[in-house]
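[1] Starting from these lines, generate the structure:
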Amino acid sequence: MDTEENTFIRLRGLVWNATEEDIKGFLKDCTLKEVVLLTNGRGKPSGNAFVHLDTESDVDRAIAHNKEYLRERFVIVEEIFKSQYISETQNMQNNTAKRLRYQEEVNTEVISKEMDMEYNKGEQDKRANKTNFHIILRGLPWKATEHEIAKFLDDCDIVGNVVIINNEAGKPSGDAVVKLLNKLDLERALKCNRKCLLERSVVVEETDKDTYNRHIIKLDKMDTEENTFIRLKGLVWSATEEDIKTFLHDCNVKEVVLTTTDRGRPSGEAFVHLDTEADVEKSMMHNREYLRERFVLVEEIYESQYMRATQEQKKTIIASAKLEELEKKVSITKTNLETDKGEQDNSGHYIILRGLPGKATEDDIASFLVDCEIVGNIFIITNEAGRSTGDAVAKLLNKIDLERALKCNKKCLMESCVTTEETDKETYNKYRRKMEKMDTEENTFIHLKGLVWSATEKDIKTFLHDCNVKKVVITTNERGKPSGDAFVHLDTEPDVKKAMAHNKEHLRKRFVIIEEIYESQ
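    Got it, this is the predicted structure:
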């Protein structure tokens, strides 16, 4: 640029304990005016640095060191504008000021606790929770960056980083979680609900600490804990501990924890405790490599995330065992009562399709499954907003049709590569929609999706104010937290019609999806 100094560079990929002296040694043939080592929101090294050099010739010499090693990592050297240098260094100063304010508030909190020891534990817990304010944003544009989300949350003091939640393919899911400094910032953030970011309406809701901690991303090493834990995402459901050890063949593995859903089914995730930090570096080299037919995402995580996941898995195993025992009893009862019906149901074969184009119709999917006899309808799975998730389930007539369908795996539909996998009756029944009335059962049941977490039975009855409601069941997840779903038993079929008229109407801050369901569901 003719209008400014052209003497600024950025270094990326530095080892976390790199010092100013290390950088001067790395750029030994350059004259340095200033070095700024960047930190994250918690004051830990980010692995980046900005350098102000003396002359443009120094910049040319610095660029010649691009991808050379500083200790065990190679460093990316990029030339940048003066405005970038100034902007980033000011941002770091602002983050430092925010962090100091946060630390001051925490210190004040600790002092307050020490002065109020005579208060009971309940009061102490209540005060402690004042430092925990978390939100979740839904419906974000996929290309939204952390900086844009922070700017969207106007005038809110954010603690740490904005955490963009990725799907199994490592791409943004449209959700993000954020920790805020205090209650005032939480109130400001909630006022951004339904405002637009890059022309998309974004939902902003309060969430809990558990949800935030589940998604935080480890950005730096910790001096107070082992830095030897990783998470694998996107595993095939049949993956075993041996498969994972083979996948991480050059790493010393201490423990593998394969997680399951609340119904005991594989979740596609695993948590791994490695022997050394060097093993973690080796494991990260396997990121996005294939384990059988799926590539696997490898992420470094905190020890606390590992411990929480393993504890939750132990609870899930216990709950799953109890559920399995209960289901076994129910199954025996149903078999005794409906032997013939049971035999007919067990003859079904089911598939789930993933990665479908958003505009794919049932007819498109049926054409994709060439020469397969489909029983009933293909059910396209929708999200809370009623839009296609890219997944669908279908029931096939016999084993030959199942084999034909599985041959369609990784084939393209409208330029999208579609995964076809066998699934179970339980998954199919979970997503099938009621298409017609049944003569053999009551047709008076509905499913509400997308409820605010604080919705009560009274809220639902008020929402369905013109319907006669017999019973409301608000479902929870495995930790007892509201799932955002509810099942409602209405009095008559006309009540169901009235209820369907409320589809996509708002209950408080969120619109609600209403679906008619079978009595068995």
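[2] Make sure Glu68 is actually in contact with Lys28.
    No: with contact defined as CB atoms under 8 Å, Glu68 does not count as touching Lys28 (11.1 Å). No exception for glycine: its C-beta is placed from N, CA and C like everyone else's.
[3] Just the pLDDT at Lys329, thanks.
    Listed pLDDT for Lys329 reads 66.
[4] before we move on, what about Arg354?
    Looking at Arg354, its pLDDT reads 93.
[5] gap between it and Leu27?
    Distance from Arg354 to Leu27, counting by CB to CB, to the nearest Å: 48 Å.
[6] Looking at those two, which has the bigger crowd around it?
    Each of Arg354 and Leu27 has its neighbours counted (other CB atoms under 10 Å); Leu27 has more, 23 against 17.
[7] mind checking the SS state of the closest residue to Asp210 other than its chain neighbours?
    Leaving aside its chain neighbours, Asp210 sits nearest to Arg479 (7.0 Å; criterion: CB to CB, 6 or more residues apart in numbering). Put simply, Arg479 is coil when judged by DSSP: H, G, I helix; E, B strand; the rest coil.
[8] Is there a neighbour count for Arg479? I'd like the number.
    Residues lying near Arg479 (other CB under 10 Å) number 12.
[9] please begin residue numbering at 486 from this point
    Yes, from this point I'll number from 486; that puts the last item at Arg964.
[10] Got phi/psi on it?
    phi -100, psi 10 (degrees, to the nearest 10).
[11] Now do the same for it: its pLDDT.
    For Arg964, the predicted pLDDT is 77.
[12] same thing with Ile999?
    89.
[13] Quick check: closest non-adjacent residue to it.
    Nearest non-adjacent residue to Ile999 (CB to CB, 6+ apart): Asn988, at 4.3 Å.
[14] So which elements touch the helix or strand containing Val647?
    According to DSSP states H and E, Val647 maps onto strand 643-651. Here strand 643-651 touches helix 567-600, helix 631-637, strand 657-665, helix 694-700, going by 3 or more CB pairs under 8 Å, 6 or more residues apart in numbering; DSSP states H and E.
[15] 7 Å instead?
    The contact analysis (3 or more CB pairs under 7 Å, 6 or more residues apart in numbering; DSSP states H and E) places strand 643-651 against helix 631-637, strand 657-665.
[16] What's the mean pLDDT across the shortest one?
    Per-residue pLDDT over helix 631-637 has a mean of 90.
[17] can you check stretch 740-748 too?
    Stretch 740-748 carries an average pLDDT of 85.
[18] helix or strand right after the helix or strand harbouring Lys767?
    Lys767 is part of helix 762-769 when elements are defined by DSSP H and E. Using DSSP H and E, the helix or strand that directly follows helix 762-769 along the chain is strand 775-776.
[19] ok, what's across the strand from Leu538?
    Beta-bridge partners recorded for Leu538 (DSSP bridges): Leu517.
[20] er, Leu881 actually
    Beta-bridge partners for Leu881, by DSSP bridges, are His834, Ile859.
[21] That one is in contact with Cys857, isn't it?
    Yes: applying CB atoms under 7 Å, one finds Leu881 in contact with Cys857, separated by 5.9 Å.
[22] Need the residues touching each of those two.
    Ala890 (CB atoms under 7 Å, 6 or more residues apart in numbering).
[23] what about Glu990, how many neighbours?
    When neighbours are counted by other CB under 10 Å, Glu990 registers 10.
[24] pLDDT score assigned to it?
    Glu990 carries a pLDDT value of 89.
[25] quick one: Asp886 and Gly833, what's the gap?
    Going from Asp886 to Gly833 by CB to CB gives 11 Å.
[26] higher neighbour count, the two?
    Asp886 (20 against 16).
[27] Just say helix, strand or coil for the more buried one.
    Once three-state DSSP is applied, Asp886 turns out helix.
[28] List the contacts of it.
    Counting by CB under 7 Å, 6+ apart, Asp886 touches 834, 857-858.
[29] so who does Phe559 touch?
    If you count contacts by CB under 7 Å, 6+ apart, Phe559 has them with 498, 552-553.
[30] do the same with Leu759
    713, 715, 736-739, 765, 768.
[31] Please identify which of the residues you listed is nearest to Leu992.
    Ile715 (40.3 Å; CB to CB).
[32] Would you confirm that that closest one contacts Lys767?
    No: using CB under 7 Å, Ile715 is not in contact with Lys767, being 10.4 Å away.
[33] Can you pick out the residue with more neighbours from these two?
    Between Ile715 and Lys767, Ile715 has the larger neighbour count (other CB under 10 Å), namely 24 against 16.
[34] what's the residue lying closest to Arg872 once chain neighbours are set aside sitting at in phi/psi?
    If the residues on either side of it in the chain are set aside, Arg872 comes closest to Gly843, at 7.1 Å by CB to CB, 6+ apart. Main-chain dihedrals, Gly843, degrees, to the nearest 10: phi -60, psi -30.
[35] Over to Cys681?
    According to degrees, to the nearest 10, Cys681 has phi -100, psi 140.
[36] Leu669 too?
    Note on Leu669: backbone dihedrals following degrees, to the nearest 10 are phi -60, psi -40.
[37] That one and Glu691: what is the separation?
    14 Å.
[38] quick one, which of those two is more surrounded?
    Glu691 (16 against 13).
[39] Let me know the helix or strand that the more buried one is in.
    strand 688-692.
[40] what do you get for Glu563?
    Here Glu563 is covered by strand 561-564, with elements defined by DSSP H and E.
[41] Which strands or helices does that strand pack on?
    By 3+ CB pairs under 7 Å, 6+ apart, strand 561-564 packs against strand 493-497, helix 541-548.
[42] and whatever helix or strand comes next after the first one, how far out from the chain's middle?
    Next along the chain after strand 493-497, taking DSSP H and E as the criterion, comes helix 505-511. With CA atoms, centre = their mean, to the nearest Å as the basis, helix 505-511 stands 38 Å off its chain's centre.
[43] Output helix 505-511 as PDB, nothing but the C-alphas.
    Extracted in PDB, the C-alpha atoms of helix 505-511 (Å, rounded to 0.1, in the frame of the first residue of the first chain):
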ATOM      1  CA  GLU A 505       9.200 -13.000  22.200                       C
ATOM      2  CA  GLU A 506      12.800 -14.200  22.300                       C
ATOM      3  CA  ASP A 507      11.800 -17.400  20.400                       C
ATOM      4  CA  ILE A 508      10.300 -15.200  17.700                       C
ATOM      5  CA  LYS A 509      13.300 -12.900  17.500                       C
ATOM      6  CA  GLY A 510      15.500 -16.000  17.100                       C
ATOM      7  CA  PHE A 511      13.200 -17.400  14.400                       C
END
